[in-house]
Every structure is written in structure tokens, then in C-alpha cells.
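Asker: Next input, structure requested:
(chains A and B)
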Amino acid sequence: MRGLRELCLAPAAAVLAALFAAPMGILAAYSLMTRGAYGGVATPFTLEGWRRMADALYVAVLIKSFVVAGISTALCVLLGFPLALFIARAGARKNLYLALVMLPFWTSFLIRTYAWMFLLRDTGLVNTVLLGLGLIHEPLPLLYNWGAVILGLVYGYLPFVVLPLYASLERQDPALEETAADLGARPVETLFRVTIPLCAPGLRAGAMLVFIPCLGAYLTPDLLGGGKTILMGTLIQNQFSSARDWPFGSALSLGLMALVTALLWMQARRKGETLP
Amino acid sequence: MTRRRILFLMGVAGPAGCSRRNRLRLNVLNWPTYIDGGALARFEAETGIGVRQATYESNEEMLARVMTGNSGWDVVFPSNYFIPPMREMGLLARLDRSRLRNLSYLDERFQAPGWDGGLEWCAPFVWGGAGILFDGRVRPAPTGWRDLWDGRYRGRMTMLDDSGEVLGAALKILGHSLNSTSESELRGAYELALRQKPLLRAYLNAEVRDQVVAGDVLAAQSWATTAQQAMDAAPHLGFAYPREGFSLYADCAAVLRESRRGELAHRFIDYILRPEIAAGLVEKARTATANAGARALLGAKAAGLPALYPDAETLERGEWFAPMPAGAQRLRDRLWTELKSA
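Answerer: Below you'll find the model as predicted:
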């Protein structure tokens, strides 16, 4: 029995080892090496890549990335919760609505981001319609600013918060809310004191699923931000392209990963959950 | 060597093992749009050599893919300033000029270029420069980089999302070489670029094209090939090679040293050096050929495209990008990051 279990787990373990552990090992080794003049790495081993991370310039980029990811996550949760609640209570149409939430995944994220550019630019759909209606006289600056970046991130990652929230709301026993009502709680009180606390695991999972990719996102900030700003994702990507500094890029990605892991671990410990 | 082994074990050693049966096969890593399927099909029909082509978006990306020395690619198209470093890294094979009869068709300027005086390592294929793409309905039309620091295009202007080009334009305004490695010159250029940033809508590369055509953007630092595509779509657009000077690059065909298909690679390069083939390719891609024979075939068509084929007097102001030493590259990247986060 035990042998069978291990046999079944082996393929997944092999995939993880080959595609996760091994690349991480390579990254760790690279981060300790000297940059090659045209990309790549060379000896001797050095801590230079890690030391440079303390530079105020890069710390500021990190803080900015955290702020952007935090705002996007908060908006995703605010928008995603009512939607998830609606779907969980939709009865027979649940599956239809869930399919609609997942529908955007059928198209590449890059193409959907480009579509936003067509909507938001000066001669785009939004400005054209508003101008045509006479509501504005000058095109609104919708593209290439922080608003556009956050819009793109929220749009892209909203499904990731809806799905876990839906899963935890759907499992909730409707009797609990009925009980709250019987005991005199108004609907708002029931929402904040029963429904939301009970779906906290889904909320946390959803928020993490949004926050972490937002932190490393580089496509959206680049395309919708117009390259006028720099976040961690772009900074790391630059090190592997034009800056040709693989050790620093490796150190940055590992540092970011370590920071996120530490935060998650601290948060989980505070909640009293057990971690492996 | 360990990395090489790991990559091999992971099965990404490259396309070398992909050839089916005994068909002759050549693997070409190229910029997008340079060589279209039609030209490849004709080559295969003529020679029986099938070409598998993949594309890259930057020299660094190409280099990262072939740096291991067992990538499986045969022919690559580095820009001129990547030829010397790739040669020093031992990645390039020496060309056998006796197999490249059509090299003689190259423009005089490309017969002995600065980056490879004897054409021992590469065959220049296409070239271009960066200048200002502008909406001709806004007067006066720009003539120099300085005009992009002027308030008249405020919020309706873009620069390239490329540190070499943005710092290059600022260096030119200050009267320095765009390949400057001097810290004080580069800091000065950074200060200048920083002053321009509030006037800019964005830093955009080729994607600026549609926005200039649509009229969202009125002036853009742009590569000549992007500008030509925009001007094809909108006759009210113009292109200027700035009076302070501008950048030039040439993308060159080269054979990788790892290639075991050197003969096929030479036949392929000789094929794209053939004037009628070279002419057809640049006409589709809207870029400039380094081939005098092809240019003669294009004749009046090329003469009518001053953005792609500036006259000799304009070209005097151009400066070829040069290989950038690691220290200067690091400083430039730091300044670029500072500019972006400001």
C-alpha cells in the first residue's frame, strides 16, 4: 500500500525536482557568481549581487512594487467578494457563471492586455465614445499611468480571488446564516460576523494568489505603464536582458522570493496554522 | 560544464536532434520579419535544404540562447556591436569567402565595416538608424533631438524604451559620442533625460507606430524601419535624422562555431545576399538593405524612402553603436533604473 502511494507521488516529485528545485539551485548558484561581460556568469564567487540589493534605489523599487501589488490585491478582494457571493448563491446557474469567470483564460494574457491598450488610448473606444457623447472635450489620459497599471493587474488577477472565495462560500452551511438571523442579527451584521470570518481561508488564499504574481508582474506595468516606471518584475527582467547582469537578477529574484515566503510564514504563524 | 549537462538532461539542448529522416536541415535564429516563409520555401525548392527559423527580440536574448555553445542553431543575425564580443567569446565561425560569391554585391560602406574589417565573421544584411517620427501637421517640424525637450509636444511624445537610444540622444545633444563610457558624460545625459521625462507620454518601441498613425502621439524617437511602416500608413507623417547626430546599427548574418552544417549555412547566407532575394526581403520588412545590388534593383522605390536610405550627407552624422564594456554597461543600467523610477 505504502509502496503504491510513493509510486503515485513519484512523477509529481520528479517534475517538482526537475522544474522547480533544480532551476532554483541554478539561480542560487548564479546569484553568487560574477557577471559575464555579455550576460552569463563567471567565477569567482562573490556576494556582490546580494550586496547591491541594499542600495536605496532598488529598495525604493521594491517598496513601490509592494504598494502597487497591495492596492491591486485590495481592489481584487473588494470586487471579487460580492461576485463570489453572488455565484455561490446563484443556484442552478452557478456553473454558467463560473465558466464565465474563467472564460478570459481562453485568450492569451498578452493579447488581453493589448486589448486594454486599444480601449484606453486617446483614440481608443472609451475616449471616442465619451468625446462623441460630448461628455468630454479632450481625450482623458487613461493609458500610461498608475491607474492603467492597477486596472490591468486587477483585471488580470480577479478570477484568482473569485475562485477560492467561491469555493469557501459555497461550502458554508446556509443554516449558519439563518441561525444568525433567528438570533436577531441584521443582514449586514451576519455578513461581517458570520459569512466573512468563515470564508477567511478562501480570502487569504485568494489574496495571496493575487498579491504574489502582482509583485513580480512585468508585462502589465510595462505595456499599460508605458515604461515610465519600474517595478521588481521589470527590474529583474532587465538584468537578464539589456543590463546583462545575471548574478544580480538571480539575487533579486531569490531575495524577492525569500521576502514573500517570510511574510507568508509570519502571517500563517500568527493565525496559528501549522506549516510543514 | 555542469550547466550544459543539466540543460541537456532537461531536454532543452536544442533543435539539433529534430531533423527528420535524412533531409538537409538548417536552423536559423533571426529577428522577426526579416526573412519570410516565401523566401525560405524558395530556398528549399532550389537546394533541398529545409530551414527551421525561430526569432528573437534582442541581441541579449539571442546571445543567451547560443552562449552554451551547443544550442543547435547554425545561423544567427547579431547587430554589428555584438559581432566583436561574440567573436571574442569564440561563438562565431570564420566565414569562407570563396563560398560567398554574392558578398561582392554589398554596398561599399559594408565591404570593410569597422566591426569586421575583412568581413571574416559576418555578412551585413540590413541596417538602420534612429530618428524622430513626427506628425507633419504640427509646425515647426522637429529637426533635432533638442526639439523633443521642447514643450510643444508635451504629453504627446514618446522616446524609445531602450537605454542606449535615450541616453544616446541626450549624449548627442551634449555633443558626446553615443557610445560614451565616461561617468561624467553619462551623468550629464541622465540629468538631461530626467528633465525630459515629465514631457513624455511613455517610453515605447515599435508599438508606438499605431499611435503615431492614429494621431495619439505627435512625435516619437523611433527606428527608421518602424517609422517607414507608420509613414506607409499615414502620409502626413515625417521622419527626421536629428542634426545633433543619431545611432546606426547593422544586423549581420553569422555562422555559429558550433554548427556542423557550415556548408549549408554558407549556401543560405549566399542565397540571402543574392540581389533579387535581398531586395524582396527588405521590401516586405520595410528595412534598409546593405546590398548595393538589391538597392539598384529597388531603384526608384528606394530613392523615394529617405527614412530608410538617407543621403550621404545625413549619414555623416550617424554613429555606429559599439560594444559596451561591462563597467559602463552597469553604470548605464543604474542610470536607466534611476530615470525609470524617478
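Asker: Please make it C-alpha for all contacts and neighbour counts, starting now.
Answerer: Fine.
Asker: which bits of chain A sit near chain B?
Answerer: Residues of chain A lying close to chain B by C-alpha under 8 Å from any C-alpha of the partner chain are A:18, A:37-40, A:57, A:61, A:121-123, A:144, A:225-230, A:235, A:240-245.
Asker: Helix or strand, whichever it is, which one in the chain has the lowest mean pLDDT?
Answerer: Because you didn't say which chain, this covers chain A. strand A:41-42 (a mean of 84; mean pLDDT, DSSP states H and E).
Asker: quick one: contacts for whatever residue of the stretch 51-200 of chain B ends up closest to chain A?
Answerer: Nearest to chain A in the stretch 51-200 of chain B, going by C-alpha to the nearest C-alpha, is residue B:60, at a distance of 5.4 Å. When contacts are counted by C-alpha atoms under 8 Å, 6 or more residues apart in numbering or on different chains, residue B:60 touches A:38-39, A:240-242, A:244.
Asker: next one: residue A:136
Answerer: residue A:130.
Asker: The residue in the stretch 151-300 of chain B that chain A sits nearest to - how many residues pack around it?
Answerer: In the stretch 151-300 of chain B, the residue that lies nearest chain A is residue B:202 (4.6 Å; C-alpha to the nearest C-alpha). For residue B:202, the count of nearby residues is 29 (other C-alpha atoms under 10 Å in any protein chain shown).
Asker: Distance of it relative to residue A:226?
Answerer: Residue B:202 sits at a distance of 5 Å from residue A:226 (criterion: C-alpha to C-alpha, to the nearest Å).
Asker: what residues are shared contacts of those two?
Answerer: What both residue B:202 and residue A:226 touch, as defined by C-alpha under 8 Å, 6+ apart, is the set residue A:144.
Asker: any weak-confidence spans in chain A?
Answerer: A:1, A:271-276 (pLDDT under 70).
Asker: Chain B against chain A: which residues are in contact?
Answerer: Residues of chain B lying near chain A (C-alpha under 8 Å from any C-alpha): B:10, B:58, B:60-61, B:63-64, B:67, B:85, B:161, B:201-204, B:214-216, B:325-326, B:329-330, B:333, B:337-338, B:340-342.
Asker: Which residue would be the closest one in the stretch 1-150 of chain A to chain B?
Answerer: Here the residue of the stretch 1-150 of chain A nearest chain B is residue A:37; by C-alpha to the nearest C-alpha that distance is 5.1 Å.
Asker: Pull the number of nearby residues for residue A:140.
Answerer: Neighbour number of residue A:140 under other C-alpha under 10 Å is 16.
Asker: That one - nearest residue in space that isn't next to it in sequence?
Answerer: residue A:127 (6.5 Å; C-alpha to C-alpha, 6 or more residues apart in numbering or on different chains).
Asker: Next: residue B:51.
Answerer: Going by C-alpha to C-alpha, 6+ apart, residue B:51 has residue B:26 as its nearest residue, at 4.8 Å.
Asker: The one you found reaches residue B:74, doesn't it?
Answerer: Yes. If you go by C-alpha atoms under 8 Å, residue B:26 and residue B:74 touch, sitting 6.6 Å apart.
Asker: Need the overlap of contacts for the two.
Answerer: Joint contacts of residue B:26 and residue B:74 (C-alpha under 8 Å, 6+ apart) are B:261, B:265.
Asker: related to what we said a few turns ago, adding secondary structure and neighbour count, write the contacts of residue B:60 out as a markdown table.
Answerer: Formatted as a markdown table, those follow (DSSP: H, G, I helix; E, B strand; the rest coil; neighbours: other C-alpha atoms under 10 Å in any protein chain shown):
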| residue | secondary structure | neighbour count |
| --- | --- | --- |
| A:38 | coil | 26 |
| A:39 | strand | 22 |
| A:240 | helix | 20 |
| A:241 | coil | 20 |
| A:242 | coil | 21 |
| A:244 | coil | 26 |
